[in-house]
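Asks: mind folding the following:
(chains A, B and C)
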Amino acid sequence: MFLILREKKLSQKTNSSLQLLDIKLLYRALHLWFEQNRSDHFFRRNRNPYRVWVAEVALQQTRMSAALPKLQKFLEIFPNLSTLAGSTEDEVMRAWAGLGYYARARNLRKGAKFIMERYHATMPMTMPELLGIPSIGDYTAAAIASICYGLKVPVVDGNVIRIAARLLRKELPQNDKRLFNEAEKFMQQLVAGEKPGETNEAVMELGQKVCTVRNPLCEKCPFLKYCRTGQNGDHARFPLPKIKPEKVRVSWSILLLELNNQFGVHRYESFKFLKGHLGPPSLLQLANTAESKYSLLPSIFDSLLSQANRLAIKVSHTITNHAITVQVYHLTLKSLPTGLELDFFNLPELSERTPSSLLQKVYRSYENYRDGFRN
DNA sequence: AACGCGGGGGC
DNA sequence: GCCCCAGCGTT
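Replies: Down below sits the predicted model:
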């Protein structure tokens, strides 16, 4: 009887989430590890909500090594909320140069102005208020709230998800919402302890240094005793690979219509990509379906294309699961054909109005091509 | 809920 | 070359 009960308990334990006792042991092991292994990053020395915010945003989707020098520079130029709020967008973009994801910098500045006006230059201290600030989403709000204010809110990032999947042996793909929920539940238990901010940081740093994507250092892991994959040595299978749609090859024909040294563009209203963006008349052909999509009236586009020159320009770009190769065509107009509603800009103006990196590539390589011809 | 953004590093 | 990453805003 005793044996049967015991067996039942064991099997429950391996199938369901961790028990309270385990959480306490994990908590202690984690913090012991963190005390001995935490990195002495410069941005951790002088901590205020502003610096934590900027650091967390800079580190989104960006490796520590790449972000650190630029983060340091950024914080020297904009040491506090008011300097950032009082800056121009150009200044912020220059300070952010090389970090990528430039919307992060624009939104950071927007957020600083928002806090100055709405909260009189003081960072709010509750999750809902933090979440209302531009550039602050679930992750960043939880990081600020736990690190700066000691709120017991869990962060869930790629590291947390990976650790949860391996520790709890969740047979779920990396981008499965259910795995995210499991990771959040796990972290909720863990941040219920004394030092939620350090707990959040510790788990992420563990993921960065020990429970790495490839070749994790399980022998150094404070969780090894409790880990349902590290024990078997089959952690490499977890989390299961992302489920993602098949890559589709796309051919994109772009028609540069030149009139008085300016180029015609229109807004992509119901085009497949770059909806709402300003771009040249375009035709898409998807490899798998053999369907064609035009950015403007097909009859007009086809007749113009037949008069245009195909340029020897090679532009490749990926948008999500689409591998795009761009063909660039050029046609000099003498006058604007009737029925063609385009706005005309010179190349610098066009570049200015184009956030899309695909179109930026096209304009840049067209300039190179043209300049090459002159030389 | 899906999609676009960007640069760096591992392989 | 391709894949992955300390997410967020927009649609």
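Asks: can you list the low-confidence ranges for chain A?
Replies: Across chain A, the ranges flagged by pLDDT under 70 are A:1-21, A:244-245, A:288, A:373-375.
Asks: which residue lies nearest the spatial centre of it?
Replies: Of all residues in chain A, the one closest to the mean position by C-alpha atoms, centre = their mean is residue A:61, 5.0 Å from it.
Asks: skip the chain neighbours and tell me the closest residue to that residue.
Replies: Distance criterion C-beta to C-beta, 6 or more residues apart in numbering; nearest residue to residue A:61, sequence neighbours excluded, is residue A:101 at 6.4 Å. C-beta here means a position set from N, CA and C on the backbone, and glycine is covered the same way.
Asks: ok so the one you found is a helix residue?
Replies: No: with DSSP: H, G, I helix; E, B strand; the rest coil as the criterion, residue A:101 is coil rather than part of a helix.
Asks: for it, grab the count of nearby residues.
Replies: Applying other C-beta atoms under 10 Å, we find 13 residues neighbouring residue A:101.
Asks: that one and residue A:41: what is the separation?
Replies: Remark: distance between residue A:101 and residue A:41 (C-beta to C-beta, to the nearest Å) = 20 Å.
Asks: contact residues of chain A facing DNA strand B?
Replies: A:61-63, A:65-66, A:98-103, A:177, A:214-215, A:245, A:273-274, A:319-320, A:322, A:355-358 (C-beta under 7 Å from any atom of the strand).
Asks: near DNA strand C, which of those show up?
Replies: A:61-63, A:101, A:103.
Asks: which single one of those is nearest to residue A:283?
Replies: Within these, proximity to residue A:283 (C-beta to C-beta) peaks at residue A:103, which comes in at 28.5 Å.
Asks: what is the neighbour count of that closest one?
Replies: 12.
Asks: can you say which helix or strand has the residue of the stretch 201-350 of chain A found nearest DNA strand C in it?
Replies: Here the residue of the stretch 201-350 of chain A nearest DNA strand C is residue A:204; by C-beta to the nearest atom of the strand that distance is 3.2 Å. Counting by DSSP states H and E, the element that carries residue A:204 is helix A:196-209.
Asks: what's the closest non-adjacent residue to residue A:186?
Replies: Distance criterion C-beta to C-beta, 6+ apart; nearest residue to residue A:186, sequence neighbours excluded, is residue A:164 at 4.8 Å.
Asks: give me the residue from the stretch 101-250 of chain A nearest DNA strand B.
Replies: Across the stretch 101-250 of chain A, no residue is closer to DNA strand B than residue A:102, which sits at 3.4 Å (C-beta to the nearest atom of the strand).
Asks: same question for the stretch 201-350 of chain A.
Replies: Per C-beta to the nearest atom of the strand, the residue of the stretch 201-350 of chain A with the smallest distance to DNA strand B is residue A:320, at 3.2 Å.
Asks: OK, contacts around residue A:309?
Replies: Residues in contact with residue A:309 (C-beta atoms under 8 Å, 6 or more residues apart in numbering) are A:329-331.
Asks: what ranges do the helices span in the stretch 101-250 of chain A?
Replies: Applying DSSP state H, counting those that start in this stretch to the stretch 101-250 of chain A gives helices spanning A:103-118, A:127-131, A:138-149, A:158-167, A:177-190, A:196-209.
Asks: format these as JSON lines; extra columns: distance to residue A:219.
Replies: Listed next are the helices of the stretch 101-250 of chain A as JSON lines, based on distance: least, C-beta to C-beta, whole Å:
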{"stretch": "helix A:103-118", "distance to residue A:219": "37"}
{"stretch": "helix A:127-131", "distance to residue A:219": "38"}
{"stretch": "helix A:138-149", "distance to residue A:219": "29"}
{"stretch": "helix A:158-167", "distance to residue A:219": "14"}
{"stretch": "helix A:177-190", "distance to residue A:219": "22"}
{"stretch": "helix A:196-209", "distance to residue A:219": "13"}
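Asks: out of those helices, which gets nearest to residue A:308?
Replies: For residue A:308, the closest of the helices of the stretch 101-250 of chain A is helix A:103-118, at 33.8 Å, according to C-beta to C-beta.
Asks: which strands and helices sit next to that closest one?
Replies: Judged by 3 or more C-beta pairs under 8 Å, 6 or more residues apart in numbering; DSSP states H and E, helix A:103-118 is in contact with helix A:49-58, helix A:81-85, helix A:89-96.
Asks: residues from the stretch 51-200 of chain A in reach of DNA strand C?
Replies: Residues of the stretch 51-200 of chain A found near DNA strand C (C-beta under 7 Å from any atom of the strand) are A:55-57, A:59-64, A:101, A:103-104, A:107, A:111, A:133-141, A:157-159, A:162, A:174.
Asks: going by neighbour count, which of those are buried?
Replies: Among these, those buried by neighbour count (16 or more other C-beta atoms under 10 Å) are A:55-57, A:59, A:62, A:104, A:107, A:111, A:133-136, A:138-141, A:157, A:159, A:162, A:174.
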